[in-house]
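Novice: what follows is a predicted protein model with its sequence.
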Protein chains: 2
Amino acid sequence: MKRIGIIVAYDGTRYNGWQIQPNGTTIQGILNETLSDLLEEPIEVMGASRTDAGVHALGNVAVFDTNSRMPGEKISYALNQRLPEDIRIQLSEEVEPDFHPRYCDSEKTYVYRILNRHFPVPTERLYSYFYHYKLDVSKMREAASYVIGQHDFASFCGAGAQVKSTIRTITALTVDRDNDMVTIRVSGTGFLYNMVRILAGTLIEIGNEQYPPERMKEILDACSREAAGPTAPAHGLTLVGISYD
Amino acid sequence: MKRIGIIVAYDGTRYNGWQIQPNGTTIQGILNETLSDLLEEPIEVMGASRTDAGVHALGNVAVFDTNSRMPGEKISYALNQRLPEDIRIQLSEEVEPDFHPRYCDSEKTYVYRILNRHFPVPTERLYSYFYHYKLDVSKMREAASYVIGQHDFASFCGAGAQVKSTIRTITALTVDRDNDMVTIRVSGTGFLYNMVRILAGTLIEIGNEQYPPERMKEILDACSREAAGPTAPAHGLTLVGISYD
């Protein structure tokens, strides 16, 4: 028995998220099926990030245990031959038997992309959120500065989450504009349910000057979901990668 | 009666190209139907570029004549409300009654995107051609230098085209790499059938060092489709825009 780690990229458009569910197709479900078929034994993958329906990934991380004699680094090739084209393994390798991608110290990086222009662009519609009203990126940056560091992010925790503590650490949060595309890039050691999407929704309200940048501090202090902005749509969000110590 | 010009962006993935056909859904077909419905009279659009099945556009240009009293610049808004989300009008305005987007002097710009890395990235798969083998962009640039200017492009003309002359002028051709994405950008006053895709296929062979850059000159001189490389896949190609004098 050995443990294999994989880095998984996917287009979340047609999936019901990462985690296996009674209804709907999920990334985890497809990986379990395809790996079980390939390695001829029942395989269950454990993922680092259980991304929501519609969220994309360039580098989610997962592990599974296998008795197969196929070398770890060969599994990516064999798996990519069998997976649908909206899921692609970027790397596979043998890892320590006790490595669990969710319970080891790590830093995750997400990107939230906002297409900010007069009319939508069809070729960008699947991987960015179209927002018509002009966003002031300098105001979004100022607001972002209040979020960096360790805080109680209760205001940025989606309903239905069951967590012991809502304290999390954001290590970096940048906002940049490249022509019409505004990109929010956020890294942290842990995220609450919907946290990045609520941060994005709140930064959009501030960029649109509905609230001043200082409002971000008040929202954090309020420790109430009602204080923050709306949850930005899933399809604008991409899990870029996860780094482990 | 007035003539309206529109700038049209589309994701070509699910279309049988621009031009109306007996079978399959086309951009022109959808525009005719939607405009006829909106303006309550039979409308036929004439497009500048009859892009192939699977090719995308940020700015194709088309015109149509209408008796409607709807102001030209309002049509874009009304049309975007009714179009499928993979087609979006970027601008509409009244133009001179004799303006025809195909027969006026113009310069078209296309981009061909190649994702050049070890494994595919699902979120890039619809708008770029995945190419595994390493491309040497400096060699592609050297080859591109032979193509700029006025030449007989018979070697870069797809089968089935009926044209009087295969002489065309390329005004600019650049090749750039941004991480894993290699972008060929080409502008010219006119293009033959499949010309950009055959140029891309040939540049890829040179970037992969199957042929030296000087080979591009021999290919031009041969004036034979067989001399050039393969036609690169449609989904890597985007018509960026068309400028008129």
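Specialist: Received the coordinates, thanks. These numbers come from a predicted model, not from an experiment.
Novice: isn't residue A:225 up against residue A:159?
Specialist: Yes. Under the criterion of Cβ atoms under 8 Å, residue A:225 makes contact with residue A:159 at 6.7 Å. C-beta here means a position set from N, CA and C on the backbone, and glycine is covered the same way.
Novice: those two: which has the busier surroundings?
Specialist: Shown here are residue A:225 and residue A:159; by other Cβ atoms under 10 Å in any protein chain shown, residue A:225 has more neighbours (17 against 8).
Novice: please parse chain A into its domains.
Specialist: What the record gives for chain A is the domain set A:2-95, A:106-244, from automatic domain parsing.
Novice: of all the ones you listed, which lies closest to residue B:87?
Specialist: domain A:106-244 (6.2 Å; Cβ to Cβ).
Novice: gap between the two ends of the closest one?
Specialist: 4 Å (Cα to Cα, to the nearest Å).
Novice: likewise for stretch A:227-240?
Specialist: Chord length of stretch A:227-240, first to last residue, is 28 Å (Cα to Cα).
Novice: would it count as contacting chain B?
Specialist: Yes. Stretch A:227-240 reaches chain B (Cβ under 8 Å from any Cβ of the partner chain) through residue A:238.
Novice: quick check: which element contains the residue lying farthest from the centre of chain A?
Specialist: The centre of chain A is farthest from one residue, residue A:69, which by Cα atoms, centre = their mean lies 32.3 Å away. Secondary structure assignment for residue A:69, by DSSP states H and E: no helix or strand.
Novice: repeat that for the one 4 residues further on.
Specialist: In the assignment (DSSP H and E), residue A:73 maps to helix A:72-82.
Novice: and if you look at residue A:176?
Specialist: Using DSSP H and E, residue A:176 falls in strand A:167-178.
Novice: swap in residue A:230?
Specialist: Counting by DSSP H and E, residue A:230 is found in no helix or strand.
Novice: what sits closest to it if chain neighbours are left out?
Specialist: residue A:201 (4.2 Å; Cβ to Cβ, 6 or more residues apart in numbering or on different chains).
Novice: tell me the contacts of the one you found?
Specialist: Residue A:201 sits next to A:228, A:229, A:230, A:231, A:232 when contact means Cβ atoms under 8 Å, 6 or more residues apart in numbering or on different chains.
Novice: same deal with residue A:41?
Specialist: Going by Cβ under 8 Å, 6+ apart, the list of residues near residue A:41 reads A:66, A:67, A:68.
Novice: spatially nearest residue to residue A:177 (excluding sequence neighbours)?
Specialist: In space, residue A:177 is closest to residue A:137, 4.7 Å off (Cβ to Cβ, 6+ apart).
Novice: what's the neighbour count on the one you found?
Specialist: By the criterion of other Cβ under 10 Å, residue A:137 has 18 neighbours.
Novice: what's the answer for residue A:40, then?
Specialist: Neighbour count of residue A:40, defined by other Cβ under 10 Å: 11.
Novice: what residues of the strand holding residue A:176 count as buried?
Specialist: By 16 or more other Cβ atoms under 10 Å in any protein chain shown, the buried positions in strand A:167-178 come out as A:168, A:170, A:173, A:175, A:177.
Novice: switch the residues you listed over to CSV; also include distance to residue A:9 and pLDDT.
Specialist: Below are the buried residues of strand A:167-178 laid out as CSV (distance: Cβ to Cβ, whole Å; pLDDT from 0 to 100):
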residue, distance to residue A:9, pLDDT
A:168, 25, 96
A:170, 24, 97
A:173, 23, 98
A:175, 24, 98
A:177, 25, 98
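Novice: please point out which parts of stretch A:92-106 sit buried.
Specialist: Quick answer for stretch A:92-106 (16+ other Cβ under 10 Å): A:92, A:95, A:101, A:106.
Novice: strands - which of those residues land there?
Specialist: A:92, A:95, A:106 (DSSP state E).
Novice: closest one to chain B out of those residues, please.
Specialist: residue A:92 (10.4 Å; Cβ to the nearest Cβ).
Novice: partners of the closest one in the sheet?
Specialist: Bridge pairing for residue A:92 (DSSP bridges) gives the partners residue A:6.
Novice: nearest to chain B among the contacts of residue A:201?
Specialist: residue A:232 (17.4 Å).
Novice: residue A:130 is in contact with the closest one, correct?
Specialist: No. Assessed by Cβ under 8 Å, residue A:232 is found out of contact with residue A:130, at 11.3 Å.
Novice: ok, the two, which is more surrounded?
Specialist: residue A:232 (23 against 19).
Novice: residues contacting the more buried one?
Specialist: A:112, A:114, A:129, A:197, A:198, A:200, A:201, A:204.
Novice: please flag which of those residues sit within helices.
Specialist: A:197, A:198, A:200, A:201, A:204 (DSSP state H).
Novice: of these - the most surrounded one?
Specialist: residue A:200 (28 neighbours).
Novice: tell me the predicted confidence for the residue nearest to residue A:231 when sequence neighbours are not counted.
Specialist: Of all residues not flanking residue A:231 in the chain, residue A:197 sits nearest, at 4.7 Å (Cβ to Cβ, 6+ apart). What the model reports as pLDDT for residue A:197 is 98.
Novice: tell me the residues on chain A that lie near chain B, please.
Specialist: A:9-11, A:56, A:58, A:76, A:80, A:85-90, A:118-123, A:125-127, A:238.
Novice: 10 Å instead?
Specialist: A:7-13, A:56-59, A:76-77, A:80, A:83-91, A:117-127, A:130, A:238 (Cβ under 10 Å from any Cβ of the partner chain).
Novice: of those, grab the buried ones for PyMOL.
Specialist: This is how PyMOL selects the buried members of these, with burial counted by 16+ other Cβ under 10 Å:
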select buried, chain A and resi 7+8+9+10+11+12+13+56+57+58+59+76+80+83+86+87+88+89+90+91+117+119+120+121+122+123+124+125+126+127+130+238
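Novice: among the residues of chain A next to chain B, which ones are in helices?
Specialist: Per DSSP H, the residues of chain A next to chain B map to helices at A:76, A:77, A:80.
Novice: and the residues you listed as TSV, adding pLDDT?
Specialist: Putting those into TSV (pLDDT from 0 to 100) gives the following:
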residue	pLDDT
A:76	98
A:77	97
A:80	98
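Novice: out of the residues you listed, who's nearest residue A:185?
Specialist: Distances from residue A:185 to those, taken as Cβ to Cβ, are shortest for residue A:76 (26.4 Å).
Novice: correct me, but that closest one touches residue A:93?
Specialist: Yes. Using Cβ atoms under 10 Å, residue A:76 makes contact with residue A:93 at a distance of 8.6 Å.
Novice: what's the overlap in contacts for the two?
Specialist: A:4, A:6, A:7 (Cβ atoms under 10 Å, 6 or more residues apart in numbering or on different chains).
Novice: thank you kindly, that will do.
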